[in-house]
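[1] Next input, structure requested:
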Amino acid sequence: MAGATVRRPSYKDVLQPALHRRFTTTALILTGIAYGYGILLGRWNSFLWSWFPIGPVGLRMAFLLPTCFSLLILRIAQYHVGRRTSDSGIETFLQHAVRIQTAEALFTYTFASYSFSQVYLWSLPEDAGLGWITYFAPDRARLNEKTIFFATHFVILGLYQGVVHLFRDEDRIILGTARPGKGTVEKQPAESPIWRVVAELPRVAAVSLNQSFFGVLLSMFVYTVFLRSNIWRMMLFFFRPIYNLPRTNLLPSSLPFTLSALGRSFFASFMLLVLLNTGNTAFSIFLAKEPLKNGKPLSSDSKDPNGSLLNGLKSKKDPIKCFAMWELAFIARDYEDRRKAIYEDIDRKGGPMWTQIYGICLEVLKGIESRIDSYGKPSAPSPTETEKVEPKKRTTAPPKEDAIFQSTPQKPKFLEEVEKVVNQATVAPGQGSQLSPLAKKALESGKTQLLKVQKEVTGSDDPQGLFKELALKVLNSAAGWPFRREYGRRLAHAVLGAPYGEPSIYINAVTALSLLAAQSLTEDKYGNVQRDVATIIRTLTTITKKLETFSANLTPHWTDISGSKSCPEVEGVLAAFKEALGQLIKEFAPYQRDLRLSLTDMRLAKEAACTERKEDDAVEMKQVR
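    Got it, this is the predicted structure:
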């Protein structure tokens, strides 16, 4: 009888409950804001019913919840790790504009904005003047354009917020790192995410205020110039069967931009944007919380902690792998019992735990090296393209290469020249055509005149100078920003990969690798780690020097008018590599002979880590001899 199949522990089983708790916390914050809005939009004519949740306040809150939860659903569905990597803004736009996620973001914000506006209108008293129908006589109904503008404004505001969401890449979750030298988590607890959200509220209010003001101005312009007449006729068509409206479709003589209508539009916009921006901020903060629970790594709750962690490190999904690598860095830095468990786990399927972690971390780090080596080179052809196909043997004579058009003695000289040009272009393109001396003289004369005009305009004989002069003027303007190939964008694209590049996974990988190797001196009782220390040092040395050289030698593109050679993401990765190398050199320098590290290896490692070289050149030469 076959034994029961043992299910491999999944890191997702310990990560997903933690993420659910963070989703729930964000939902509670949004529900609290909706409850506050339910009180604020009330009439306050009763002490009890002005705040009691079972009543009008609870009903308004219930109608506001679709606005809150639509945003939460969007963020859960589309969150990702890593910055969008491309050489320019226009490339990013072309990569993401036609994706279904873009349409989902625009629809979600438009739905949330419009549904909020209807709840706000429903909560207003009758004397607010924002009913859909007004009466200027007992039996004469009239469509209220101020309400039409109010509702249209929130549709435009929703589209505008969707564009801002996509432009800022609000779906990105910025993960942290567990760099050494910061003390243990128990001694220095991280700041509570709740207080981080509270600290962000003044910024959220300021941003919402600016966006509300700009949104009202944008709606006034778009409504007046593009939408007014069409929306007016459409709303008349909708309300005319219900109310006794005039048969004419003439627009009102005055615009609906009264002070009260604009004031309510601005106030309601501010309320909506505070809700949306607070939700986005809280979601990003809570989801990027450390992979810890009650001061311990998430995988500690698993029946097989090492197996769950290893499963996460091998995951093909970037968020799961990044969280697992972050947890590994925390274990390497702060948790002695988990480190010892890694060293002592030698009977695991697939090899000892340390060996598998070592291989996974090196594979992640070597991804940087492979991208640097392949930068600027054509992509490798597919296997089918590389297969050599033997030419078939001919059974007939090859086709003749004579002129297609055979000239006759009766044809004029001009037609013969035309036939030669056509024949040259079709049979042997790229070889150039034989022009008559008269045509060559005219061509040279035109080229000379063009260069003369070019020199007068730009002061240079470069035929591309005029184009560059005009292009630089465009690039210096605000409209030219999407076309600039800035140094930081190009470097991040080349080093971190595409379409997203997450620097924290490389920082945490190199941190975990160096700290586990350093702590093995006192905690690895089997001595398995020491066999891989030399390879780790040589690999980190090679990648560090390549990364530093590549960053220094990457020339700015001619469209990069800023001239700045800064890329914080890559600079952070490079600093982590140097810090890890310095730690390994400090711990293992006394044992370099036992580890079979030559003086050259140590010298190169110190140069890469920017540490002082303690060995003398004469000693090195003596060892080489």
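
[2] Residue 566 falls within a strand, correct?
    No. Counting by DSSP: H, G, I helix; E, B strand; the rest coil, residue 566 falls outside a strand, being coil.

[3] Kindly state the pLDDT recorded for it?
    pLDDT, residue 566: 90.

[4] Pull the contacting residues for it.
    Applying CB atoms under 8 Å, 6 or more residues apart in numbering to residue 566 gives the contacts 487, 488. In this view, the C-beta of every residue, glycine as well, is placed from N, C-alpha and C.

[5] if I look at it, how far off is residue 492?
    11 Å (CB to CB, to the nearest Å).

[6] got it, and residue 232?
    Residue 232 is 49 Å from residue 492, by CB to CB.

[7] So between the two, which is more surrounded?
    Ranked by neighbour count (other CB atoms under 10 Å), residue 232 and residue 492 place residue 492 first, with 25 against 17.

[8] who are the neighbours of the strand or helix carrying the more buried one, in terms of helices and strands?
    Assigned by DSSP states H and E, residue 492 belongs to helix 487-496. Under the contact criterion of 3 or more CB pairs under 8 Å, 6 or more residues apart in numbering; DSSP states H and E, helix 487-496 touches helix 353-373, strand 500-501, helix 530-553, helix 568-588.

[9] average model confidence for that helix?
    Taken as a whole, helix 487-496 has a mean pLDDT of 93.

[10] CA atoms only: put it into PDB for me.
    Output in PDB follows, covering the C-alpha atoms of helix 487-496 (Å, rounded to 0.1, in the frame of the first residue of the first chain):
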ATOM      1  CA  TYR A 487      20.700  58.300 -17.200                       C
ATOM      2  CA  GLY A 488      18.900  56.900 -14.100                       C
ATOM      3  CA  ARG A 489      16.200  55.300 -16.100                       C
ATOM      4  CA  ARG A 490      18.600  53.600 -18.500                       C
ATOM      5  CA  LEU A 491      20.800  52.400 -15.800                       C
ATOM      6  CA  ALA A 492      17.900  50.900 -13.800                       C
ATOM      7  CA  HIS A 493      16.500  49.300 -16.900                       C
ATOM      8  CA  ALA A 494      19.900  47.700 -17.800                       C
ATOM      9  CA  VAL A 495      20.800  46.500 -14.200                       C
ATOM     10  CA  LEU A 496      17.400  45.600 -12.600                       C
END
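
[11] Can we start the residue count at 24 from this point?
    From this message on, residue numbering opens at 24, which makes the last subject helix 510-519.

[12] Would you agree residue 188 is in contact with residue 127?
    No. Using CB atoms under 8 Å, residue 188 makes no contact with residue 127, being 10.8 Å away.

[13] Tell me which of the two has more neighbours.
    Counting neighbours by other CB under 10 Å for residue 188 and for residue 127 shows that residue 188 has the greater number, 22 against 15.

[14] count of residues packed around residue 224?
    When neighbours are counted by other CB under 10 Å, residue 224 registers 13.

[15] which residues does it contact?
    Counting by CB under 8 Å, 6+ apart, residue 224 touches residue 301.

[16] Name the SS class of residue 549, please.
    On the basis of three-state DSSP, residue 549 is classed as coil.

[17] who touches it in this structure?
    366, 367, 369.

[18] rerun at 10 Å
    Neighbour list for residue 549: 366, 367, 369, 375, 377, 543 [criterion: CB atoms under 10 Å, 6 or more residues apart in numbering].

[19] isn't residue 324 right next to residue 332, touching?
    No. Using CB atoms under 10 Å, residue 324 makes no contact with residue 332, being 11.6 Å away.

[20] more neighbours, these two?
    More crowded of residue 324 and residue 332, by other CB under 10 Å: residue 332, with 29 against 15.

[21] wait, is the more buried one part of a helix?
    Yes. According to three-state DSSP, residue 332 belongs to a helix.

[22] can you pull out the strands in the chain?
    Under the criterion DSSP state E, strands of the chain are mapped to 103-104, 106-107, 156-160, 163-166, 195-196, 315-316, 319-320, 523-524.

[23] For those strands, which has the smallest mean pLDDT value?
    Of all the strands of the chain, the minimum mean pLDDT falls on strand 156-160 (a mean of 78).

[24] who does it touch, helix- and strand-wise?
    strand 163-166, helix 168-191 (3 or more CB pairs under 10 Å, 6 or more residues apart in numbering; DSSP states H and E).

[25] And these, which one averages the lowest pLDDT?
    Across those, the lowest-scoring stretch is strand 163-166, with a mean of 84.

[26] Any figure for the gap between the nearest residue to residue 95 once chain neighbours are set aside and residue 230?
    Nearest residue to residue 95 in three dimensions, chain neighbours excluded: residue 50, at 5.8 Å (CB to CB, 6 or more residues apart in numbering). Distance of residue 50 to residue 230, given as CB to CB: 22 Å.

[27] same deal with residue 82?
    Distance from residue 82 to residue 230, by CB to CB: 30 Å.

[28] can you pull out the helices in the stretch 224-373 of the chain?
    For the stretch 224-373 of the chain, applying DSSP state H, counting those that start in this stretch gives helices covering 251-262, 282-310, 328-336, 341-357, 359-367.

[29] can you list these in TSV and add mean pLDDT and distance to residue 92?
    Shown next, in TSV, are the helices of the stretch 224-373 of the chain (pLDDT from 0 to 100; distance: least, CB to CB, whole Å):
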stretch	mean pLDDT	distance to residue 92
helix 251-262	91	28
helix 282-310	95	10
helix 328-336	94	29
helix 341-357	95	22
helix 359-367	94	38
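
[30] Residue 180: which of those helices is closest?
    helix 282-310 (5.8 Å; CB to CB).

[31] if we can go back for a sec, can you tell me which two in the contacts of residue 549 are farthest apart?
    Within the contacts of residue 549, 369 and 543 form the most distant pair, 13.3 Å apart (CB to CB).

[32] Please say which of the two ends up with more neighbours.
    residue 543 (24 against 12).

[33] per-residue confidence at the residue lying closest to that one once chain neighbours are set aside?
    Distance criterion CB to CB, 6+ apart; nearest residue to residue 543, sequence neighbours excluded, is residue 552 at 3.7 Å. Note for residue 552: predicted pLDDT of 92.

[34] Residue 552 against residue 545, yeah?
    No. Here residue 552 does not reach residue 545: they are 11.2 Å apart, not a contact under CB under 10 Å.

[35] Please say which of those two ends up with more neighbours.
    Counted by other CB under 10 Å, residue 552 and residue 545 do not tie: residue 552 has more neighbours, with 22 against 8.

[36] could you measure the more buried one against residue 540, distance?
    6 Å.

[37] my read: residue 523 touches residue 195, true?
    Yes. When contacts are counted by CB under 10 Å, residue 523 is listed as touching residue 195 (8.2 Å).

[38] between those two, what contacts are shared?
    Common neighbours of residue 523 and residue 195 (CB under 10 Å, 6+ apart) are 103, 104, 105, 106, 107.

[39] What is the neighbour count of the fourth one?
    To tie it back to what came earlier, the one meant is residue 106. The number of residues near residue 106, taken as other CB under 10 Å, comes to 19.

[40] next one: residue 540
    When neighbours are counted by other CB under 10 Å, residue 540 registers 24.
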